[in-house]
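Chemist: Prediction below, plus the sequence it came from.
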Amino acid sequence: MAAAPTSRLRTIAIIGAVAAVGIGLTVRRQSNALRANELAQQQRRAASSATTTGSPNLYVSVDRSGGGI
């Protein structure tokens, strides 16, 4: 089996690094979106509990740790 040229290995390494960064940024963006949604729901709950009129806020906190039961 012949050794691959250096330029091919460099190209593969660059593509891999770009893919890893892209996946990391996607995960971070999704995490930030979930956190922002959670905070918005909590703030709406606090605002709606201050007033007794209107529909109740049905916010439920969910543990996303994945630790099981």
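Modeler: Here it is on my side, so go on. All figures in this text were calculated on a predicted structure; none of them were measured in a lab.

Chemist: what ranges do the helices span in the chain?
Modeler: 6-50 (DSSP state H).

Chemist: got any ranges where it has weak pLDDT?
Modeler: Applying pLDDT under 70 to the chain flags residues 1-3, 45-59, 61, 63-64, 66-69.

Chemist: ok, so what distance separates Gln43 from Val21?
Modeler: According to CB to CB, to the nearest Å, Gln43 stands 33 Å off from Val21. In this view, the C-beta of every residue, glycine as well, is placed from N, C-alpha and C.

Chemist: Please apply the same query to Val60.
Modeler: 35 Å.

Chemist: and these two? which has more neighbours close in?
Modeler: Each of Val60 and Val21 has its neighbours counted (other CB atoms under 10 Å); Val21 has more, 10 against 7.

Chemist: OK, contacts around that one?
Modeler: Neighbouring residues of Val21 by CB atoms under 8 Å, 6 or more residues apart in numbering: there are none.

Chemist: gap between it and Val62?
Modeler: Taken as CB to CB, the span from Val21 to Val62 is 29 Å.

Chemist: One more: Gln30?
Modeler: Distance from Gln30 to Val62, by CB to CB: 15 Å.

Chemist: who's more crowded, these two?
Modeler: Neighbours per residue, other CB under 10 Å: of Gln30 and Val62, the larger number sits with Gln30, 10 against 6.

Chemist: Tell me who's in contact with the more buried one.
Modeler: With contact set as CB under 8 Å, 6+ apart, Gln30 has no partners.

Chemist: likewise Asn37?
Modeler: Contacts of Asn37 by CB under 8 Å, 6+ apart: none found.

Chemist: Numbering from 46 from now on, please.
Modeler: In the new count, where the first residue is 46, that last one comes out as Asn82.

Chemist: quick one: it from Val107, how far?
Modeler: 11 Å.

Chemist: same question, Thr71
Modeler: Applying CB to CB to Thr71 and Val107 gives a distance of 22 Å.
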